[in-house]
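Quick one, what's the 3D model for this:
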Amino acid sequence: MDVHSNLLFESISVFVGIPKHTISPSCPLFPSDQPGKTCPPPTDEEAHQPSNPNAIILLVKITFVSLVCGSSYLAGSLWGRHSLELHVAPLSVGSLVRGSGGRDATDAECEQAREQWIELRVQRELEQYKENLLPGEIIRGPNQPDSETKRFPTSVERFATGIARVKKDDLDALFDFGNPMEKGAGTSDEDAIIIYNDRNALPSSNNSLAHAIEYNDGQGIPLTDPQTATENCDGMNVIFTGNPEHTAQCTALIGNYESYHIQRWMRTDGGKIDHHLPLTHVSRGFAPRGKSNFYAPPYDGRNSQVKRHWKMLLTFLQNVDAVLEDLTPILKKVARNNAVVVMTCNHGQSALLMNFACSARRKGFDLGNVLVFPSDKETKELAEGLGLTTYYDEKNMGPLPSGGAKRYGDKYFTAMMYAKVICVLYPLMLNYDVLFQDVDIVYFKDPVSPISHDNSPQSYFQNDPKIQHFDVLFQHDGSNTIRYAPYSANSGFYYVRANKRSQYLFTSLLYHSDLILTWDSHQQALVQLLAEHSSLFGLNVKVFSRDTEMFPGGYHFHNRHEFMKKFLKGKTDTYIFHMSWTENKDIKLLFLRQLGEWYVEDKCIGSTASEILGTGGSLSLGDASLFEPCCAAKPIFSCHYKDKPSKLPCKDSTTIDKTSRSFW
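Next up is the predicted model:
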């Protein structure tokens, strides 16, 4: 086949569709140019490779060059010619394009016409291809490699110009954001993503890294260390996100007026998620099962929580100056290194308060820095009888119930939450740091003021340099449910540094006591205020990881059996144990006995000081006269549940949970 026939054949072949592999350098378009060479069939990768703009440009150009040459050849053949001299053919392409009738076109004119025709067709094909592009998809130039393609299109460059990865654990170690952080190593949360909002924020110490952050190098999102990744970031917005409910969740980043809150949208009409419904705005506490954890306190109605709150707040405001005047000399005497340990209790929970005092004193701890705010006279006498300093705020706490809570969130439990607010606020208003702790706690090391051999303070909260910039520090609750997001802070053990940020935090908690009454939770309201004050005022919040050995509690007791075995063998670096996550004080008592951490004699449980000492009338105790009759010399141990941690094996006991597996 001569060159003319071959060209015509190739023109028709291109016109009807040339396989993609035939336009690669390894397989020439015109096989006759290399005799004996045949084109191999396309590989699986070539056959399934998606089309790209470069291939389309090349294909279109080849198609029309071939068509032009083929038509010229045919025109010449009709007029008895056997060459491609288009200018001598009356019906040549050059004549048709220029409209010159039978006038011969010059070679230059014909070439110009062909180029214009080809360019016109190429532009039409490109326009058609662009119409089929996805929003933001980029057309790369014919000679532009992957490394010159930007990771983000220009349509988002005002808030996304580059992207990098860093190890989540390394990032938190560098900045210590304060949020309780689950370990990322070896999980699907191992890496954190940094999106650069401006080219000036890109790292400058490593040019190849900066290029890979901004441009696609074919190697995925580049990984670097946190120091390098953030070396030019003058500001950094930190977003913690997850999917605890395992829903089909999306996250939208929108370039707009800066916002420091996250909107929550779900497919719901107030009930469970329904995929047939449109997305609608909901509370951030709305759970996929259809329950909202955050709802506004009712103003109207017989039991208006708002009006109850107003009444309690009025009493506080009318008496706060007198209370602070009373507390000034007491706190001056009790505080050490400007810090005081604060507790509050009613008679229904007094056995747990007594166990704390008995356990601590039997272990040799000095409780001279503890101030108890009893909510009734009976508890005041019991506390003083164990050598504890008290202040009875009768105006504010006198109306509170003295009975013990039967379950979490009942009326007794909720009422005592108000006492937990004001007993922390008072010392803060007088500029004292506060360690607040519930009464269901036992000490192993004093977290505030243990004294070394040279009588120098060794407080963890006051002396550890890594945590001195935090305003409030909390034990992790253990629960990562949405109602405690984003901190899961346990409101039964925390340290507060007295400053204007922390003072206003607890003033705000007082102002929001109607939320405590409505939600039946002091903890839930406090966590939401922590999040808001952190964002609004720069409050530095620290919640210790639930994996720490220092402050274990009910989460570990019920879920971390291997840790509890180490703990019971004395092989952990533990300061306190908090018997949280337990329904009521009666079960807490059994759990503590089983752990070998119960020190209160049975005759003193639920009794008043007068009943214990056998005297009548009201007592004014300050000489620790209840210590000997009520505090056992050694822990009182007994088995109750074989499926819960115990100092000694309790394999013959019953189970409390729906399992027959023994802890030991």
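
low-scoring stretches of this protein, by residue?
Within the chain, the stretches with pLDDT under 70 are 1-105, 129-147, 402-413, 450-458, 616-623, 660.

could I get stretch 389-397 in CSV with only the CA atoms?
Provided in CSV are the C-alpha atoms of stretch 389-397 (Å, rounded to 0.1, in the frame of the first residue of the first chain):
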residue,chain,number,x,y,z
THR,A,389,-12.9,22.1,108.7
THR,A,390,-16.4,23.0,107.7
TYR,A,391,-18.5,26.0,106.6
TYR,A,392,-22.3,25.6,106.8
ASP,A,393,-23.9,28.1,104.4
GLU,A,394,-27.3,27.8,105.9
LYS,A,395,-29.0,30.4,103.8
ASN,A,396,-28.1,28.8,100.5
MET,A,397,-27.8,25.1,101.5
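
Report the buried residues of it.
Thr389, Thr390, Tyr391, Tyr392, Asp393, Asn396, Met397 (16 or more other C-beta atoms under 10 Å). From N, CA and C alone the C-beta is placed, and that goes for glycine too.

so Lys445 sits in a helix?
No - looking at Lys445 with DSSP: H, G, I helix; E, B strand; the rest coil, it is coil, so not inside a helix.

Could I get the full set of strands for the stretch 251-400 of the chain?
Per DSSP state E, counting those that start in this stretch, the stretch 251-400 of the chain carries strands over the ranges 264-266, 280-282, 339-345, 370-374, 389-390.

CSV for those strands, including distance to Leu435?
CSV is the format used below for the strands of the stretch 251-400 of the chain (distance: least, C-beta to C-beta, whole Å):
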stretch, distance to Leu435
strand 264-266, 35
strand 280-282, 37
strand 339-345, 5
strand 370-374, 9
strand 389-390, 14
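
Go through those strands and name the closest to Asp602.
strand 339-345 (19.4 Å; C-beta to C-beta).

now what about that closest one, what contacts it?
Strand 339-345 is contacted by residues 331, 334, 352-353, 356, 367, 369-375, 379, 383, 397, 416, 419-420, 423-424, 427, 432-439, 448-449, 459, 461-462 when judged by C-beta atoms under 8 Å, 6 or more residues apart in numbering.

tell me which element Thr187 falls in.
Under DSSP states H and E, no helix or strand contains Thr187.

cool, and Tyr494?
strand 489-496.

Same check on Leu171?
Going by DSSP H and E, Leu171 is part of helix 168-175.

which secondary structure elements does that helix contact?
On a contact count with 3 or more C-beta pairs under 8 Å, 6 or more residues apart in numbering; DSSP states H and E, helix 168-175 meets strand 191-196, helix 226-229.

relative to strand 191-196, how tilted is that helix?
On the basis of axes from the mean of the first three to the mean of the last three C-alpha atoms, to 10 degrees, helix 168-175 is oriented at 60 degrees to strand 191-196.

so where do the helices sit in the stretch 301-450 of the chain?
Along the stretch 301-450 of the chain, the stretches classed as helices by DSSP state H, counting those that start in this stretch are 305-334, 350-362, 377-385, 394-397, 411-429.

and Ser638, which of those is closest to it?
helix 350-362 (14.1 Å).

buried ones in that closest one?
Ser350, Ala351, Leu352, Leu353, Met354, Asn355, Phe356, Ala357, Cys358, Ser359, Ala360, Arg361.

got it, and stretch 293-301?
In stretch 293-301, counting by 16+ other C-beta under 10 Å, buried: Asn293, Phe294, Pro297.

for that stretch, the distance to its chain's centre please.
For stretch 293-301, the separation from the chain centroid amounts to 27 Å (computed by C-alpha atoms, centre = their mean, to the nearest Å).

Show the contacting residues for the residue nearest the centre of the chain.
The residue lying closest to the centre of the chain (C-alpha atoms, centre = their mean) is Phe240, at 3.4 Å. When contacts are counted by C-beta under 8 Å, 6+ apart, Phe240 touches Phe177, Asn179, Pro486.

That one: what secondary structure?
Following three-state DSSP, we place Phe240 in the coil state.

how close does it sit to Ser502?
22 Å (C-beta to C-beta, to the nearest Å).

The nearest residue to Ile636 once chain neighbours are set aside: how many residues sit nearby?
Nearest residue to Ile636 in three dimensions, chain neighbours excluded: Trp598, at 4.9 Å (C-beta to C-beta, 6 or more residues apart in numbering). Using other C-beta atoms under 10 Å, Trp598 is surrounded by 25 other residues.

what about the strands of the stretch 251-400 of the chain, which gets the closest to Gln318?
Closest of those to Gln318 is strand 370-374, at 18.3 Å (criterion: C-beta to C-beta).

Now do the closest one: everything it contacts.
If you take C-beta under 8 Å, 6+ apart as the criterion, strand 370-374 is touched by 330-331, 334, 340-346, 353, 379-380, 383, 388-393, 397, 419, 422-423, 427.

And for stretch 210-221?
146-151, 161-165, 193, 196, 199, 202-204, 222.

Next step: those restricted to helices.
Cross-referencing these against helices under DSSP state H gives no overlap.

which of those residues are buried?
For the contacts of stretch 210-221, a burial check counting by 16+ other C-beta under 10 Å picks out Thr149, Arg151, Thr161, Gly162, Ile163, Ala164, Arg165, Tyr196, Leu202, Pro203, Pro222.

buried residues in stretch 476-486?
Taking 16+ other C-beta under 10 Å as the neighbour-count basis, stretch 476-486 is seen to contain the buried residues His476, Asp477, Gly478, Ser479, Ile482, Arg483, Tyr484, Ala485, Pro486.

repeat for stretch 573-588
Residues Thr574, Tyr575, Ile576, Phe577, His578, Met579, Ser580, Trp581, Thr582, Asn584, Lys585, Lys588 are the ones in stretch 573-588 that count as buried (16+ other C-beta under 10 Å).

Sitting in strands, which of the residues you listed do you find?
Ile576, Phe577, His578 (DSSP state E).

now those residues as TSV including distance to His561?
Listed next are these as TSV, based on distance: C-beta to C-beta, whole Å:
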residue	distance to His561
Ile576	20
Phe577	15
His578	17
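
Relative to Tyr260, which of the residues you listed is nearest.
Among these, and counting by C-beta to C-beta, the member closest to Tyr260 is His578, at 32.2 Å.

Is the closest one in contact with Ser491, as I believe?
No - contact criterion C-beta atoms under 8 Å: His578 and Ser491 do not qualify, at 11.0 Å.

how close does Thr228 sit to Leu648?
For Thr228, the distance to Leu648 equals 53 Å [C-beta to C-beta].

Which one of those two is surrounded by more residues?
Higher neighbour count among Thr228 and Leu648: Thr228, with 16 against 12, using other C-beta under 10 Å.

Mind jotting down where the strands sit in the stretch 401-550 of the chain?
433-437, 441-443, 472-476, 489-496, 541-543.

export the fourth one as PDB, just CAs?
Read it as strand 489-496. In PDB, the C-alpha atoms belonging to strand 489-496 read as follows (Å, rounded to 0.1, in the frame of the first residue of the first chain):
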ATOM      1  CA  ALA A 489     -14.800  16.200  81.900                       C
ATOM      2  CA  ASN A 490     -15.700  14.500  85.200                       C
ATOM      3  CA  SER A 491     -17.200  17.100  87.500                       C
ATOM      4  CA  GLY A 492     -16.300  15.100  90.600                       C
ATOM      5  CA  PHE A 493     -12.600  15.700  90.500                       C
ATOM      6  CA  TYR A 494     -10.900  18.800  89.100                       C
ATOM      7  CA  TYR A 495      -8.500  21.600  89.800                       C
ATOM      8  CA  VAL A 496      -9.100  25.300  89.200                       C
END
